[in-house]
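Trainee: Quick one: sequence and predicted model below, then my questions.
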Amino acid sequence: MKQIDQDDYQRAKELVKIGIVATIACVLTGVVTCGAKLASKLVGRKS
Amino acid sequence: MTATTPARPILGFQNLVDQAIRKTEKFLDSTADLILKKVVKVEPHPEPEPDPVAATNVLSDEYEESGFRMKSGFKQDDNWAIPHMWVEMTAGGIGAGTFLASLAASNPAGMTVGFALTAVMKGILLWADLGRPDRVWRVFAQPNKSWIARGSWAFAAFCVFGGISTLAALLSVGGTGVMLSSIVAIIASLVLLVYDGFFLNDSTGVAGWRSSVLPFWFATNSSAAGVALTALLGSASTGFLRLASALFGIAGAMGYAYLRDLLRGGASARTSARQLTDGDQKIPFVVGAGILGSGVPAMLSGMAAIGVAPTLNIFSAAALGVIGVYYSRQSTLSSGVHTPVF
């Protein structure tokens, strides 16, 4: 395993965290979008 | 005999929210470690434990170098630099932006999402943040002096009139009452968009939050994310997508203007700026709020406006817009530095 500087490791970790948060945001955005579209269809209005 | 009031009457609920956020934070941390160690196959050099005084108390030795002796150095703020606040500000900002954009586009689905984000999600986090929930009425006092009071009135008005307007839109009900309710909800949303920034402006001890650019940067990136989410929820007209692209672009420029403002300020403001450009907040500010949160979604919504893969581009722009709002709050709050005492 390659050893890197503490600072570089922390920066790499922040980048990975942003990637994970972006993935979670994509999933949540998808769920909210589908949910909202479905709900508005159910109440009889097309958004 | 006087009855004693419990210090935190809804401690269980507050703990629940607190624990959920801490667990999410731990999950992010351990998953990032796992990916770096197992997938990228890198690990940090083992280093000696940092000096706790140096690590917590002195973020800059600017004054020491000039011959002044500090009783306490530049200390990072630990009241607001917590994930709880970042999530609460993100939900409130995006909710208000989405509600406003959806009201303008007559999009009931968007209004519902905007209302839920602000009234429910921000509401839960605000309530969990109260030290003494039994004295909540006190935050409404003196709206002529305090941004916390103005924000509380705006939040309460949004919950009532935003709720009425959303319900009316869902049920296709109109009339003068609904119109008046929508007007009050619009005013409340506008206050909520700038509230976080002005509230931070009031923190006299943290020079990095006193910039006049801050409230408008926060309002612009919240609006951009709101317009993109509204487009995603069914109002993807060319005009709306162009508006989203322009707002993302302006938000990026305002983030840069905020940094420039800090660099022209005093030593504490410059210490905050260094945190954003070279310190712990470099990745969240430059990559999270700047590149991924403003630059890329500006480009993606612009591409959607000219008809290039519109569905995928609108979806990506909206999700990245959310990221941008979150990381703008995280980096700004975490780079807040208290002015030293001499």
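Mentor: Right, received. Where do you want to start?
Trainee: What segments of the chain are strands?
Mentor: By default, I'm working from chain A. Secondary structure of chain A (DSSP state E): strands located at A:2-4.
Trainee: Actually, chain B is the one I wanted.
Mentor: For chain B, the strands defined by DSSP E cover B:42-44, B:75-76, B:337-338.
Trainee: what's the most buried one of these?
Mentor: Highest mean neighbour count of these: strand B:337-338, a mean of 24 (counted as mean count of other Cβ atoms under 10 Å in any protein chain shown). In short, each C-beta sits where N, CA and C put it, glycine included.
Trainee: ok so, going back, quick one: which of the strands of chain B is nearest chain A?
Mentor: Across the strands of chain B, chain A has its closest neighbour in strand B:42-44 (3.8 Å, Cβ to the nearest Cβ).
Trainee: which other helices and strands contact the closest one?
Mentor: The helices and strands touching strand B:42-44, judged by 3 or more Cβ pairs under 8 Å, 6 or more residues apart in numbering or on different chains; DSSP states H and E, are strand A:2-4, helix A:6-42.
Trainee: What pairs with the shortest one, parallel or antiparallel?
Mentor: Pairing partners of strand A:2-4, with direction, according to DSSP bridges: strand B:42-44 (parallel).
Trainee: pLDDT (mean, whole number) over the partner strand?
Mentor: Taken as a whole, strand B:42-44 has an average pLDDT of 87.
Trainee: Can you tell me the closest non-neighbouring residue to residue B:241?
Mentor: Nearest residue to residue B:241, sequence neighbours excluded (Cβ to Cβ, 6 or more residues apart in numbering or on different chains): residue B:305, at 3.7 Å.
Trainee: repeat for residue B:201
Mentor: Closest residue to residue B:201 apart from its sequence neighbours, by Cβ to Cβ, 6+ apart: residue B:210 at 5.8 Å.
Trainee: Same question for residue B:191.
Mentor: Counting by Cβ to Cβ, 6+ apart, residue B:154 is the residue found nearest to residue B:191 once chain neighbours are left out, at 3.7 Å.
Trainee: any idea how far that neighbour lies from residue B:187?
Mentor: Distance, residue B:154 to residue B:187, by Cβ to Cβ, to the nearest Å: 8 Å.
Trainee: Could you check which of these two has the larger neighbour count?
Mentor: More crowded of residue B:154 and residue B:187, by other Cβ atoms under 10 Å in any protein chain shown: residue B:154, with 23 against 14.
Trainee: Now the helix or strand bottoming out on mean pLDDT in chain A: buried residues?
Mentor: Least confident helix or strand, chain A: strand A:2-4 with a mean of 86, by mean pLDDT, DSSP states H and E. Within strand A:2-4, the residues that qualify as buried are residue A:4, counting by 16 or more other Cβ atoms under 10 Å in any protein chain shown.
Trainee: So which residues make contact with it?
Mentor: Residues outside strand A:2-4 that contact it (Cβ atoms under 8 Å, 6 or more residues apart in numbering or on different chains): A:12, B:41-45.
Trainee: can you rerun that using 6 Å?
Mentor: B:42-43, B:45 (Cβ atoms under 6 Å, 6 or more residues apart in numbering or on different chains).
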